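S.K.: got a sequence here, can you model it:
(chains A and B)
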Amino acid sequence: MATAEQSEGLTFHPMDQFIVKPLFGGDAVGMLTPTNVTLWMALTVLAITALFVLGTRGRAIIPSRMQSVAELAYGFVHKMVEDVAGKDALKFFPYIFTLFCFIVFSNFLGLLPKAFTTTSHIAVTAVMAVAVFLTVTIVGFVKNGAGFLSLFWVSSAPLALRPVLALIEIISYFVRPVSHSIRLAGNMMAGHAVIKVFAAFAPLILLSGIGVVVTPLSILAITAMYGLEILVAFIQAYVFTILTCVYLKDALHPHH
Amino acid sequence: MANTTTEAASEAAGHAAEAAGHAAESAGMPQLNFDHFPNQIFWLVVALIVIYFILSRIALPRIGGIIADRQSTITNDLAAAEDLKAKAEEAEKAYNQALIDARAEANKIVAEARADIQKDLDKATAKADAEIAAKAAESAKRIEEIRANAAKDVAEVAKSAAGDIVAAFGAKADAKTVTAAITERLKG
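M.R.: Numbering: from 1, shown residues only, chains lettered A, B, ... in the order given. Take a look at the predicted model:
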């Protein structure tokens, strides 16, 4: 903030990129208003359709490039679900794959200049995390009945410790959706905000002599952050998906 | 801290000039503006449902099918390759067997030919031997005859020579005695 004051004209609005705006003018954001959220989610849907439907149109034994990528993504998540949550979790594969695709495409589309990153919003990630939480809890009780509660009763621990452990397990179980959603939204928001802060320093060369040093540095920093963000965009989608698999495994096989 | 807040507020106010109505938002995190939650949640649910149906109805069965097809194609090709390899091995074995048979046949034919030639040769040798033996016998007979004739001639010549010699000594040679003497001498 101090720097912003010193050099008049530099504007710091690193969070403005996250503002939800109606697409067609006006200020009121009602539930059904088409906003930039709508636009970028629609683009996500289109990108997913392009890759997984148009890309696999050829049904080739020797795949084209697009088909290769689609098959790679399919194999990646399929193997993850099978390895982490077990073979009986494969019927949840379309569900998990939907989440993975949405997150990974939203993250990468958000890296386009001027883009709106839907996954940087706690509202979005929380809905997904709560959906996973509810699914896992319901599946756990449907599959195991009251036996699902043995997830909280660590039978390998000494009897005296078990009630304490049960309390901790229950708290950690209910904290799951919180950490699950904030991890993704926080990572996406922080990276984009940092890029934006560096970007605000970039035009300093137009305003003062110190800009000779600051401008190249900030451009370098933006480039480095962008590289890191590409990594983070994929890793956070991966983490969200693999945690979903881990939670699903707890629901299907609650015994430690 | 209070100072910073005022700055932020004044900054927000400045911003409001260019984008009216955003003043409240730019002061804090837009993520925590609960007024926008219903909008985001609504469009998220729509997007997720659309993606779910596109993926589960079209994309995933198709990709699964492609991968299964490829797997079966590879398995089939491997089996076919195994088959062809077995066939090739069989063909090689048959070829080697044929080669061995042909060699054996050739050996047999050579042996037969050799035996035939040997037989002919033996026959010819025997015939030649017989002829040689006949010729030799004939020759021996003739030599014998010649020898006998020669002996007779010698006796004859000796008789006449002895008669003449005896006559030259002036004695009368009895032909019988001379002959006996000569025969006696020739034997000795």
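S.K.: kindly report the residues of the stretch 101-250 of chain A close to chain B.
M.R.: For the stretch 101-250 of chain A, the residues in contact with chain B (CB under 8 Å from any CB of the partner chain) are A:101, A:102, A:118, A:120, A:121, A:122, A:123, A:124, A:127, A:128, A:185, A:189. From N, CA and C alone the C-beta is placed, and that goes for glycine too.
S.K.: narrow the residues you listed to those in helices?
M.R.: The helices, defined by DSSP state H, take in A:101, A:102, A:122, A:123, A:124, A:127, A:128, A:185, A:189 from those.
S.K.: tell me the contacts of residue A:191?
M.R.: With contact taken as CB atoms under 8 Å, 6 or more residues apart in numbering or on different chains, residue A:191 is in contact with A:225, A:228, A:229, A:232.
S.K.: so who does the first one touch?
M.R.: Neighbour list for residue A:225: A:191, A:194, A:195, A:198 [criterion: CB under 8 Å, 6+ apart].
S.K.: separation between the first one and residue A:221?
M.R.: The one in question is residue A:191. Residue A:191 sits 12 Å away from residue A:221, taking CB to CB, to the nearest Å as the criterion.
S.K.: how near is residue B:113 to chain A?
M.R.: 62 Å (CB to the nearest CB, to the nearest Å).
S.K.: quick one: average pLDDT of the strand or helix carrying that residue?
M.R.: Element membership of residue B:113, judged by DSSP states H and E, is helix B:60-168. The pLDDT scores in helix B:60-168 average 92.
S.K.: now stretch A:220-240
M.R.: Stretch A:220-240 comes out with an average pLDDT of 95.
S.K.: do the same with stretch A:91-99
M.R.: On average, the pLDDT along stretch A:91-99 is 95.
S.K.: wait, does it contact chain B?
M.R.: Yes: for stretch A:91-99 and chain B, the contact criterion (CB under 8 Å from any CB) is met by A:93, A:94, A:95, A:97, A:98, A:99.
S.K.: quick one: which of these sit in helices?
M.R.: Among the residues of stretch A:91-99 next to chain B, the members that lie in helices (by DSSP H) are A:93, A:94, A:95, A:97, A:98, A:99.
S.K.: ok, now which ones touch the first one?
M.R.: Meaning residue A:93. By CB under 8 Å, 6+ apart, the neighbours of residue A:93 are A:77, A:78, A:81, B:60.
S.K.: next: the last one.
M.R.: By CB under 8 Å, 6+ apart, residue A:99 lies in contact with A:128, A:132, A:240, A:241, A:244, B:48.
S.K.: quick revisit: neighbour count added to the residues of the stretch 101-250 of chain A next to chain B, as TSV?
M.R.: Converted to TSV, those look like this (neighbours: other CB atoms under 10 Å in any protein chain shown):
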residue	neighbour count
A:101	26
A:102	26
A:118	32
A:120	26
A:121	30
A:122	20
A:123	22
A:124	29
A:127	19
A:128	22
A:185	23
A:189	23
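S.K.: ok, of those residues, which one's closest to residue A:208?
M.R.: Within those, the smallest distance to residue A:208 is 29.9 Å, found for residue A:189 (CB to CB).
S.K.: just checking, the closest one touches residue A:120?
M.R.: Yes: between residue A:189 and residue A:120 there is a contact at 4.2 Å, judged by CB atoms under 8 Å.
S.K.: need the residues touching each of the two.
M.R.: Each of A:18, B:31 lies in contact with both residue A:189 and residue A:120 under the rule CB under 8 Å, 6+ apart.
S.K.: work out for me the element the residue located most distally from the centre of chain A sits within.
M.R.: Relative to the centre of chain A, the most outlying C-alpha is that of residue A:209, 40.5 Å out, by CA atoms, centre = their mean. Under the criterion DSSP H and E, no helix or strand holds residue A:209.
S.K.: residue A:13 in helix, strand or coil?
M.R.: coil (DSSP: H, G, I helix; E, B strand; the rest coil).
S.K.: how about it, phi and psi?
M.R.: According to degrees, to the nearest 10, the main-chain angles of residue A:13 amount to phi -130, psi 60.
S.K.: what about it, neighbour count?
M.R.: Using other CB atoms under 10 Å in any protein chain shown, residue A:13 has 15 neighbouring residues.
S.K.: could you do the one 4 residues further on as well?
M.R.: By the criterion of other CB under 10 Å, residue A:17 has 20 neighbours.
S.K.: swap in residue A:229?
M.R.: Neighbours of residue A:229 under the rule other CB under 10 Å: 24.
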